[in-house]
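[1] Pasting a predicted model and its sequence here:
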Amino acid sequence: MAQKAPWTLTLSSNLRLLPLARAFVEAVCQVAGFDEKATHAIVLATDEATNNVIRHAHRNQPDAPLQIQCFFRPDGIEILLIDQGAPFDLDSVPNMDPSEERVGGRGVFLMRALMDELTCQPRGDRGNMLRMVKRCPRSAPDCRG
């Protein structure tokens, strides 16, 4: 499916808007032809990322915009989350032991586990661009129809 411009959702940093972000990404995945399992993984990873931006990057900034951009690729989907928070170093988040018992702190672990690529680049003094890629070759019947 050829795509020139991304599917884009811009919302304010309000946790009550998380269902809207999930529904948007789910709809984009359905248009792209992802199966239920792949769609769930992509939606969960994006939900974790969106939650982290709202709770951590935009803390005390409920009007700070968060943009979710989705690009179809021949081999899957690329999702960008663009925030207005302080620069964030994704590599500073250590890999955790999934058997470790603790409350919270599993968002980056889940994003890494569910997606094929996860990177974050600062956008100057304010803002970051989190990039997530889920590859699903058309030959893989368990991902895309």
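    In hand now; what should we look at? Residues are numbered from 1 along each chain as shown.

[2] which residues of this protein fall in helices?
    18-32, 36-52, 107-114 (DSSP state H).

[3] so how far is stretch 119-138 off the chain centroid?
    Distance, stretch centre to chain centre, for stretch 119-138: 8 Å (CA atoms, centre = their mean, to the nearest Å).

[4] contacting residues around it?
    Residues external to stretch 119-138 that are found in contact with it (CB atoms under 8 Å, 6 or more residues apart in numbering): 34, 38, 41-42, 45-46, 49, 53, 57, 73, 75-90, 111, 114-118, 143-144. C-betas here are computed from N, CA, C, even on glycine.

[5] list the buried ones in the lowest-mean-pLDDT helix or strand in the chain?
    Lowest mean confidence among the helices and strands of the chain (mean pLDDT, DSSP states H and E): helix 107-114, at a mean of 89. For helix 107-114, the neighbour count (16 or more other CB atoms under 10 Å) marks 107-112, 114 as buried.

[6] cool, and stretch 5-22?
    Result for stretch 5-22 [16+ other CB under 10 Å]: buried residues 6-7, 9, 11, 13, 21.

[7] That one: how far from the chain's middle?
    The answer for stretch 5-22 is 11 Å, by CA atoms, centre = their mean.

[8] likewise stretch 15-24?
    12 Å.

[9] Give the rounded mean pLDDT of that stretch.
    For stretch 15-24, the mean pLDDT works out to 97.

[10] same deal with stretch 81-88?
    Here the average pLDDT along stretch 81-88 is 90.

[11] and the end-to-end length of it?
    Stretch 81-88 has an end-to-end distance of 13 Å (CA to CA, to the nearest Å).

[12] So what touches it?
    46, 49-50, 53, 56-58, 61, 64-69, 120, 122-123, 125-130, 132.
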